[in-house]
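In: Compute the structure for the input listed below.
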Amino acid sequence: MAPSSLVTAGVRWIARSFSLLSSSGSLARCTSVLPASYINPGRSLTSQASGPPKKPLNGYLRYVMQQQPVITRHNPEIKSVDIIRTIAQQWRAMEQEQKQPFEEASVRDREQFKVDLQRYKAQQSPAHLQQQVLEKRERMAKRKAIRKKRELTNLGKPKRPRSSFNIFMSEHFVEASGATTQAKMMTLLEDWRNVLSQQKQVYTQLAEDDQIRYKNEMKSWEDHMIEIGRDDLIREQTLSANRKTAAKTLGAKTEAKKTKAKVAAKAKTTRKTAKSDVVKLERTTKTCSST
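Out: Alright, predicted model coming up:
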């Protein structure tokens, strides 16, 4: 949720620049500020000079394109994120008939997009289309990896342990000679090769300590992920170890149950035997008494 001051400022911008909250006729004034191409951009938003046609914008994004330069011109000190938030507030406050020109333009462009896409595909060779499919898969995989990395960062996943050379490099990077990062790294690599074994041992120990830090932090982090139901983020080696531990625990419990059952059965047998001996003794006693 936005702070109350931001909401108040947004309402003030709306009332001052567009008056969308108080007048249904204000949309015409707003849309006339910029050329009609922002409402109905046509092929400019659905096709390129080369390459496949672009997917058309929906009605809301068309409205954003139209209003963003207007708000920027009237409020040059406003941040981009606040501009988008203001436009979103305007869009939510608009009546359906005010949104209709933007949405109808989007529908027309979607139809044109289908035609342009079919024409584009008909002009391409099967090999070129296959290459485009592979490139799209690579882009999607890269985006997925970026989103996954961002999610892990937000969830506080511990940083991986550093090697002894990485620790050495981080300590001496600033004073290393070289005009570029790559040149500095090459210099540091050469320096590392010339470091005495006694000096390297210090960094080796630091790397081992960092490895211990990583293991401890990862254990705590993965335990927390299991608690919140994010088993999908747990490393396979941890899952395998957990399965083995669970299997051992289950086996121990099963063995304990079997042992307990055996003890109970043996005790039951002993009781039966004792009871039978008592009965025999009583019979013998009665026989001797009658005699």
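
In: I figured Met186 hits Gly178, correct?
Out: Yes: using C-beta atoms under 8 Å, Met186 is in contact with Gly178, at 7.0 Å. For glycine as for every other residue, the C-beta is placed from the backbone atoms N, C-alpha and C.

In: Need the overlap of contacts for the two.
Out: With contacts taken as C-beta atoms under 8 Å, 6 or more residues apart in numbering, not a single residue reaches both Met186 and Gly178.

In: what's the single longest helix in the chain?
Out: Looking across the chain with DSSP state H, the single longest helix is helix 236-290.

In: In which helix or strand does the most centrally placed residue in the chain reside?
Out: In the chain, the centroid-proximal residue (C-alpha atoms, centre = their mean) is Glu151; its distance is 3.4 Å. For Glu151, the element it lies in under DSSP states H and E is helix 126-154.

In: I'd like the next helix or strand past the worst-scoring helix or strand of the chain on mean pLDDT.
Out: When the helices and strands of the chain are scored by mean pLDDT, DSSP states H and E, helix 26-31 comes last with a mean of 38. For helix 26-31, the following helix or strand on the C-terminal side (DSSP H and E) is helix 59-74.

In: Please report the distance of Ala274 from Lys280.
Out: Ala274 sits 11 Å away from Lys280, going by C-beta to C-beta, to the nearest Å.

In: let me redo that: Ser240
Out: 59 Å.

In: my guess is Pro161 contacts Arg213, does it?
Out: Yes: between Pro161 and Arg213 there is a contact under C-beta under 8 Å: 7.1 Å.

In: Who has more neighbours out of those two?
Out: Using other C-beta atoms under 10 Å, the more surrounded residue of Pro161 and Arg213 is Pro161, with 18 against 14.

In: for the more buried one, helix, strand, or coil?
Out: Look at Pro161: counting by DSSP: H, G, I helix; E, B strand; the rest coil, its state is coil.

In: contacting residues for it?
Out: Ala207, Asp210, Gln211, Arg213, Tyr214.

In: Can you flag the buried ones in those residues?
Out: Ala207, Asp210 (16 or more other C-beta atoms under 10 Å).

In: picking that back up, could I get the average pLDDT for the helix holding Glu151?
Out: In this model, helix 126-154 has a mean pLDDT of 92.

In: domains in this structure, as residue ranges please.
Out: 4-123, 125-154, 164-227 (automatic domain parsing).

In: can I get these in a markdown table with distance to Lys262?
Out: Below are these laid out as a markdown table (distance: least, C-beta to C-beta, whole Å):
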| stretch | distance to Lys262 |
| --- | --- |
| domain 4-123 | 71 |
| domain 125-154 | 50 |
| domain 164-227 | 36 |
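
In: my read: Phe102 touches Val64, true?
Out: No: using C-beta under 8 Å, Phe102 is not in contact with Val64, being 9.7 Å away.

In: which one of these two has more residues nearby?
Out: Taking other C-beta under 10 Å, Phe102 and Val64 do not tie; Phe102 has more neighbours (25 against 19).

In: Specify the angle between the helix or strand hosting that one and helix 126-154 in degrees.
Out: Assigned by DSSP H and E, Phe102 belongs to helix 96-123. Between helix 96-123 and helix 126-154, the angle comes out at 130 degrees (axes from the mean of the first three to the mean of the last three C-alpha atoms, to 10 degrees).

In: list the buried ones in helix 96-123?
Out: Gln98, Lys99, Pro101, Phe102, Ala105, Ser106, Asp109, Gln112, Phe113, Asp116, Leu117.

In: ok, Leu61 to Arg85 distance?
Out: Taking C-beta to C-beta, one finds Leu61 at 15 Å from Arg85.

In: make that Ser106, sorry
Out: 22 Å.

In: follow-up on the earlier one: so for Leu61 and Arg85, which residue has more residues nearby?
Out: A direct count of neighbours by other C-beta under 10 Å for Leu61 and Arg85 places Arg85 higher, at 18 against 13.

In: who are the neighbours in contact with the nearest residue to Met169 once chain neighbours are set aside?
Out: Residue nearest to Met169 in three dimensions, not counting chain neighbours: Leu188, with 4.9 Å by C-beta to C-beta, 6 or more residues apart in numbering. Contacts for Leu188 (C-beta under 8 Å, 6+ apart) come out as Phe168, Met169, His172, Phe173, Ala176.
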